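1. Okay, structure incoming, though there's no sequence with it:
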Ligand SMILES: O=P(O)(O)OC[C@H]1O[C@](O)(CO)[C@@H](O)[C@@H]1O
């Protein structure tokens, strides 16, 4: 079977092949540091060999739990934020029919909704209103078990689920994915007797999509988690190679670091398939939280093309030359649709008649690549044979491994996120959270100045 492939040819007018090749020993050292667990953040390396260590028993347990939710729910709300929701959403959106939510609902095929990733009152009001006459279940996902956004949504949803469905049924259709011992989500799950799954201590949120954090919601949505894991396993093998040119994760990490050293401070992840929008969101957290520290790091951003060619295209073509692009390109769509012939040709599109829509899309992709490279934007391309669980699994592991290597090349700890605490501390102080008395006083004094 073919694998995903990385092509860096269109970066070589901007960085030299020789310079890139000189990364081989550095990349090898970073890979060794990961393998031996001797680098910064080495207590969070559980993701490295996660795909090959997942057992069939574990997958069966996840599938059985997913089946309980599928059989008993019209809607399942996945409550989580950041790494506790983006991976699941990325895969579910990539695999789902774009209009499934408008189609007739099938028994045993719940609609998946997300909550706990914002504090929008209108969002939560509208969600809880929609759920009023629905048989719904909840997957409450939080590694710390104390994240405010998720806890707030879960408080609302748990009360509503129990009120609408009764305590006994609620117990059946609420599942927790959290720490083995600590945090409010664990305490609640144990006290209420919910089925629960553990997020391993050594797997950080943004690297957790192949734990129950991602696998359970993806299974509930009806997608093949075994194939997802198989794809990741395949990449685990491919990305073990010490040969820079044969290891796509290593090559991607080296190329983006060399581009960064040459003033390319912003990476734009590009798709030409709207279904990949949330995959880009997952990638942004992965690289943003891993590398943006010590006043260093490539800024990860994303665009959906060709949509955003009509908004951000101008900036990319002619704005400040501090950017490069990485295009995730899906080679073959899952469905076929051809441009019809029109006898009157009023729209002048008969030159496309008989062509597949994807042929037009591919020419948009090629035309964009050529234009952007001509405009001074280095371009990498990750080709994905097709959108299915297997290749999404490959993509996930490819980016995770690249992120670990890239973070070490940058000489940061890719596995912590101390900067995220700053807003939380202020928010808790402003809300007078118990335990934050001194901070509350200080912040009030600052605001009253
Ligand atoms: O799973 P938790 O503990 O609720 O955390 C959710 C997210 O919040 C962060 O801790 C900070 O944004 C992320 O790293 C994490 O993915």
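-> Noted; the coordinates are in hand. Fair warning: this is a prediction, and the values are worked out from it, not measured in the lab. Residues are numbered from 1 along each chain as shown.

2. quick one: the longest helix along the chain near the ligand?
-> Among the segments of the chain that qualify as a helix by DSSP state H, the longest is helix 148-173. Yes - residues of helix 148-173 contacting the ligand under C-beta under 6 Å from any ligand atom: residue 150. Every residue, glycine included, has its C-beta placed from N, CA and C.

3. helices or strands next to that helix in the packing?
-> Packed against helix 148-173 by the contact rule (3 or more C-beta pairs under 8 Å, 6 or more residues apart in numbering; DSSP states H and E) you find helix 56-72, strand 75-79, helix 121-130, strand 136-142, helix 184-192.

4. Quick check: mean pLDDT of that helix?
-> On average, the pLDDT along helix 148-173 is 98.

5. Can you check what angle separates that helix from helix 121-130?
-> 10 degrees (axes from the mean of the first three to the mean of the last three C-alpha atoms, to 10 degrees).

6. Contact residues of the stretch 51-200 of the chain facing the ligand?
-> So the stretch 51-200 of the chain meets the ligand at 81, 82, 83, 84, 142, 143, 144, 147, 150 (C-beta under 6 Å from any ligand atom).

7. Wait, the second one touches residue 207, no?
-> When you say that, I think you mean residue 82. No - look at residue 82 against residue 207 with C-beta atoms under 8 Å: they stay out of range, at 11.4 Å.

8. Which one of those two is surrounded by more residues?
-> Higher neighbour count among residue 82 and residue 207: residue 207, with 27 against 21, using other C-beta atoms under 10 Å.

9. State the distance from the more buried one to the ligand.
-> Here residue 207 is placed at a distance of 9 Å from the ligand (C-beta to the nearest ligand atom, to the nearest Å).

10. confidence score at that residue?
-> pLDDT for residue 207: 98.

11. Return the residues in contact with it.
-> By C-beta atoms under 8 Å, 6 or more residues apart in numbering, the residues touching residue 207 are 44, 46, 47, 83, 286, 400, 415.

12. Just want the residue of the stretch 201-350 of the chain that's nearest the ligand.
-> Closest approach between the stretch 201-350 of the chain and the ligand, counting by C-beta to the nearest ligand atom: residue 205, at 2.6 Å.

13. Could you list every helix and strand in contact with whichever strand or helix holds residue 328?
-> Assessed by DSSP states H and E, residue 328 sits inside strand 323-332. If you count contacts as 3+ C-beta pairs under 8 Å, 6+ apart, strand 323-332 packs onto helix 248-261, strand 266-271, helix 357-374, strand 379-386.

14. Dump the ones you listed into CSV; add mean pLDDT and distance to residue 100 as well.
-> What follows is these, written out as CSV (pLDDT from 0 to 100; distance: least, C-beta to C-beta, whole Å):
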stretch, mean pLDDT, distance to residue 100
helix 248-261, 98, 32
strand 266-271, 98, 19
helix 357-374, 98, 20
strand 379-386, 98, 19
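
15. okay, the ones you listed in TSV with mean neighbour count and distance to residue 295 next?
-> Compiled in TSV, the helices and strands packed on strand 323-332 are given as follows (neighbours: other C-beta atoms under 10 Å; distance: least, C-beta to C-beta, whole Å):
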stretch	mean neighbour count	distance to residue 295
helix 248-261	24	13
strand 266-271	22	16
helix 357-374	15	28
strand 379-386	19	25
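
16. Pipe those into a markdown table and attach distance to the ligand per row.
-> Listed next are the helices and strands packed on strand 323-332 as a markdown table, based on distance: least, C-beta to the nearest ligand atom, whole Å:
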| stretch | distance to the ligand |
| --- | --- |
| helix 248-261 | 21 |
| strand 266-271 | 18 |
| helix 357-374 | 31 |
| strand 379-386 | 23 |
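
17. I'd like the ones you listed as a markdown table, with distance to residue 298 appended.
-> Shown next, in a markdown table, are those (distance: least, C-beta to C-beta, whole Å):
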| stretch | distance to residue 298 |
| --- | --- |
| helix 248-261 | 5 |
| strand 266-271 | 5 |
| helix 357-374 | 17 |
| strand 379-386 | 12 |
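
18. Residue 90: which of those is closest?
-> strand 266-271 (11.2 Å; C-beta to C-beta).

19. The stretch 201-350 of the chain: helices as residue ranges?
-> Assigned by DSSP state H, counting those that start in this stretch, the helices in the stretch 201-350 of the chain fall at 212-220, 225-238, 248-261, 277-291, 313-318.

20. from those, which stretch is densest packed?
-> A comparison of the helices of the stretch 201-350 of the chain by mean neighbour count, using mean count of other C-beta atoms under 10 Å, puts helix 212-220 on top with a mean of 28.

21. list the helices and strands it packs on?
-> helix 56-72, strand 75-79, helix 86-95, strand 136-142, strand 174-178, strand 195-198, helix 225-238.

22. how about 6 Å then?
-> helix 56-72, helix 86-95, strand 136-142, helix 225-238 (3 or more C-beta pairs under 6 Å, 6 or more residues apart in numbering; DSSP states H and E).

23. To residue 419, which of these lies closest?
-> helix 86-95 (17.8 Å).

24. That closest one - contacts with which helices or strands?
-> On a contact count with 3+ C-beta pairs under 6 Å, 6+ apart, helix 86-95 meets helix 212-220, helix 277-291.

25. Using TSV, lay out these together with distance to the ligand and mean pLDDT.
-> Shown next, in TSV, are the helices and strands packed on helix 86-95 (distance: least, C-beta to the nearest ligand atom, whole Å; pLDDT from 0 to 100):
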stretch	distance to the ligand	mean pLDDT
helix 212-220	8	98
helix 277-291	6	98
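
26. Pick out the residue in the stretch 301-449 of the chain sitting closest to the ligand.
-> Taking C-beta to the nearest ligand atom, the stretch 301-449 of the chain has residue 420 as its residue nearest the ligand, at 3.9 Å.
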